[in-house]
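S.K.: Fold the stuff below for me.
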Amino acid sequence: MKEAYLQTKFVISDKLVNLPDFTYILTACNPMDRKLSDLENRKRNSKLQDMINQGGYLCLPIMGVSEDLKHKEPSFLTNAKKDQSMDWAKRFNQRAIFQVHKDILSLILCSSDRTTIEMGSFKKRWIMG
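M.R.: Got it, this is the predicted structure:
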């Protein structure tokens, strides 16, 4: 796993200020860190968004970014259950998803053991956009 995952910050909108106790952040972009074209990433994320919406879950856009803001990855914040979020991430060949429990951000690897790494305050990683 790349150290960059643990340094991720999030560009958020006002809609993300009051969140349910458990939410997950996932993307369909750049599977297993393989850089895809913007068009391909948009298509993949559109399919993911449709799946989240069809399940009747909250589906809010959120941007995961590197500390220097050079790498940006469009993502979705959802209140779907962990198992469902992990299933979607695996379907799109993702390495990990983020979990937000109250204000605690964690990284959950999509491997079979679902290793979870606590990353501290979610709010401290916000960049208001």
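S.K.: Can you tell me, leaving aside adjacent residues, what's nearest to Thr23?
M.R.: Spatial nearest neighbour of Thr23, excluding adjacent residues (C-beta to C-beta, 6 or more residues apart in numbering): Val100 at 4.7 Å. No exception for glycine: its C-beta is placed from N, CA and C like everyone else's.
S.K.: where's that neighbour, which helix or strand?
M.R.: Per DSSP states H and E, Val100 falls inside strand 96-101.
S.K.: quick one: buried residues of that strand?
M.R.: Across strand 96-101, burial judged by 16 or more other C-beta atoms under 10 Å covers Ala96, Ile97, Phe98, Gln99, Val100.
S.K.: Need the max-distance pair from those.
M.R.: Greatest spatial distance in the buried residues of strand 96-101: Ala96 and Val100, 13.7 Å, computed using C-beta to C-beta.
S.K.: what bridges to the residue nearest to Thr23?
M.R.: Taking DSSP bridges as the rule, Val100 bridges to Thr23, Leu105.
S.K.: so who does it touch?
M.R.: Each residue near Val100 by C-beta atoms under 8 Å, 6 or more residues apart in numbering is listed here: Leu19, Phe22, Thr23, Tyr24, Ile25, Leu77, Ser106, Phe122.
S.K.: what's the helix or strand of the chain with the lowest mean pLDDT packed up against?
M.R.: Within the chain, no helix or strand scores below strand 126-128, which has a mean of 86 by mean pLDDT, DSSP states H and E. Counting contacts by 3 or more C-beta pairs under 8 Å, 6 or more residues apart in numbering; DSSP states H and E, strand 126-128 packs against strand 9-12.
S.K.: Give me the contacts around the strand it packs on.
M.R.: Contact with strand 9-12 is made by 25, 62-67, 72, 122, 125-129, as judged by C-beta under 8 Å, 6+ apart.
S.K.: Give me the buried entries from the residues you listed.
M.R.: Buried members of those, scored by 16+ other C-beta under 10 Å, are Ile25, Ile62, Met63, Gly64, Val65, Phe122, Arg125.
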